[in-house]
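Enquirer: mind folding the following:
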Amino acid sequence: MTTAAAFTATATLLLTACGGGDESSPENIKGAGGGSPSASAPASGGAADVKRPDVSVPGDLKLVFDFEKPSDADEAAALGDAANFIRALNHGITEQDAKDPAYGFYSAAGATRYAESQITEYVDGGWTLTGEDRYYQAETDPVGEGKNAKSVLVTFCEDQSKAYGKEVKTGKVQRTEESLASYQKFSLLMAPQQDSPVWRAQQITVEGKAAECRG
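Expert: Predicted structure coming up:
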């Protein structure tokens, strides 16, 4: 079993690509998808008195979470808030705000730095996102020793073959053909928060051109 310490030690922040083009194009930026919560997304759990941030995105960007909810309550909550982290990341991209508070609500440490760097890449390049982005093949794996120390490693695939970069100023969409570069694999180390139902991403790795996610 992967340990939290080992995962943290090997975690890196990767700016993966979804296609060719010049360095200023969104195809050379990790294009994590966005969209409002879908019916297939797992419940993130939590008490009704916890005020969660707005993670909605424009209607031309659809995020699909094709996940099955784990039977374990902690793993279900970790998976749900991993999805919320992805939503928050895309909220920041579409809002063009690298300091957007939404992703900080669902992340800490390396995962926060990753989100800020991704949003900054889009803002500086004058790009946002449009189309449909799908996440699937989710797996959850508890790590750590003891109930109070338990974290959950969440992994899932992304198919961004129908998600495209859009110029903010002109609205022009840069469409790309489906290829191996359209597929990514995410690994997020999720940790519970004391006296809160919220789970936060601590570290994240993104594998580009993930052949296991294609087909």
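
Enquirer: in the chain, where is pLDDT below threshold?
Expert: For the chain, the stretches flagged by pLDDT under 70 are 1-49, 145-149.

Enquirer: hang on, P192 packs against Q202?
Expert: No: with contacts counted by Cβ atoms under 8 Å, P192 stays clear of Q202, the gap being 10.7 Å. The C-beta positions use only the backbone N, C-alpha and C, and glycine is treated the same way.

Enquirer: wait, a strand at V154?
Expert: Yes: counting by DSSP: H, G, I helix; E, B strand; the rest coil, V154 is found in a strand.

Enquirer: wait, it touches A191, no?
Expert: No: counting by Cβ under 8 Å, no contact exists between V154 and A191, whose distance comes to 11.0 Å.

Enquirer: so for those two, which residue has more residues nearby?
Expert: V154 (27 against 22; other Cβ atoms under 10 Å).

Enquirer: residue contacts, the more buried one?
Expert: With contact set as Cβ atoms under 8 Å, 6 or more residues apart in numbering, V154 has these partners: A78, L79, A82, A138, E139, T140, F186, S187, L188, L189, M190.

Enquirer: could you dump those to TSV with neighbour count?
Expert: Shown next, in TSV, are these (neighbours: other Cβ atoms under 10 Å):
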residue	neighbour count
A78	31
L79	31
A82	34
A138	21
E139	15
T140	21
F186	24
S187	20
L188	30
L189	26
M190	28
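
Enquirer: out of these, list just those in strands.
Expert: Here DSSP state E is the test, and those give A138, E139, T140, F186, S187, L188, L189, M190 as lying in strands.

Enquirer: now the fourth one: how far from T130?
Expert: In this structure, F186 and T130 are separated by 21 Å, where distance is defined by Cβ to Cβ, to the nearest Å.

Enquirer: P142 touches A191, doesn't it?
Expert: No: under the criterion of Cβ under 8 Å, P142 is not in contact with A191, lying 11.5 Å apart.
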